[in-house]
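Novice: let's see this in three dimensions:
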Amino acid sequence: SDRSLGFCLGTWKYSFHFSVGNYYLEEEAAYAYESMCVDSINKGLNISIASAYRSYGEQKELYNTYLKLYGKSYVDKYVAVPGHSEHQTGLAIDLESLECDIFRNSKEYLWVKENAYKYGFIIRYQEGKEKITGYGAEEWHIRYVGKNAAEYIYKNNIYDSSLISSISAPTFFSFVIKFS
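Specialist: Numbering: from 1, shown residues only. Below you'll find the predicted structure:
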């Protein structure tokens, strides 16, 4: 594949050949996602990206759209206020199954649930943990925290945001990477 490096203010660009369209992620998260996708494909699974990096403006637009459509109580449960979304870090991905409309009912979800930590990802908002995370369950929302942190978080069943932030602090640089 054609790989090019260049300076970028903001986040890494990664054009996934496993998904439709271009998505932005920090470099380390992008490589980890690519590795996870290759292994999932080898298992006969079809994981794709529904969403990744969002700018403040995109998050604001999303927040306001959901607010108009579903109201404040829904938005408070499922949509981060602009400036507080993990998607704005370039470390979060919303996944989808290309085989099943409801991700949590898919074989892809079962595989991600058992294997994401091996690539440095955690499922951030799990069912039954709403009071701890402050958000409704989003089985499709994974966050890159690094392999060591992900394994520790996974094996110790950690869901508290402040603990996750203190455990996971990967260092990133400012390059843009494009894979096509």
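
Novice: what's the span of stretch 128-143, first residue to last?
Specialist: Taking CA to CA, to the nearest Å, stretch 128-143 runs 18 Å from one end to the other.

Novice: pLDDT weak spots in the chain?
Specialist: In the predicted model of the chain, residues 1-21, 160-180 satisfy pLDDT under 70.

Novice: ok, which stretches of it are helices?
Specialist: Along the chain, the stretches classed as helices by DSSP state H are 27-42, 56-70, 72-78, 107-115, 130-133, 147-155, 161-167.

Novice: from the chain's centroid, how far away is the fifth one?
Specialist: Taking CA atoms, centre = their mean, to the nearest Å, the mean C-alpha location of helix 130-133 is offset from the chain mean by 18 Å.

Novice: kindly report the same for the first one.
Specialist: Between the centre of helix 27-42 and the centre of its host chain there is 12 Å, according to CA atoms, centre = their mean.

Novice: swap in the second one?
Specialist: How far helix 56-70 lies from its chain's middle: 18 Å, per CA atoms, centre = their mean.

Novice: do the third one as well
Specialist: Average the C-alpha atoms of helix 72-78, do the same for its chain, and the two points are 20 Å apart (CA atoms, centre = their mean).
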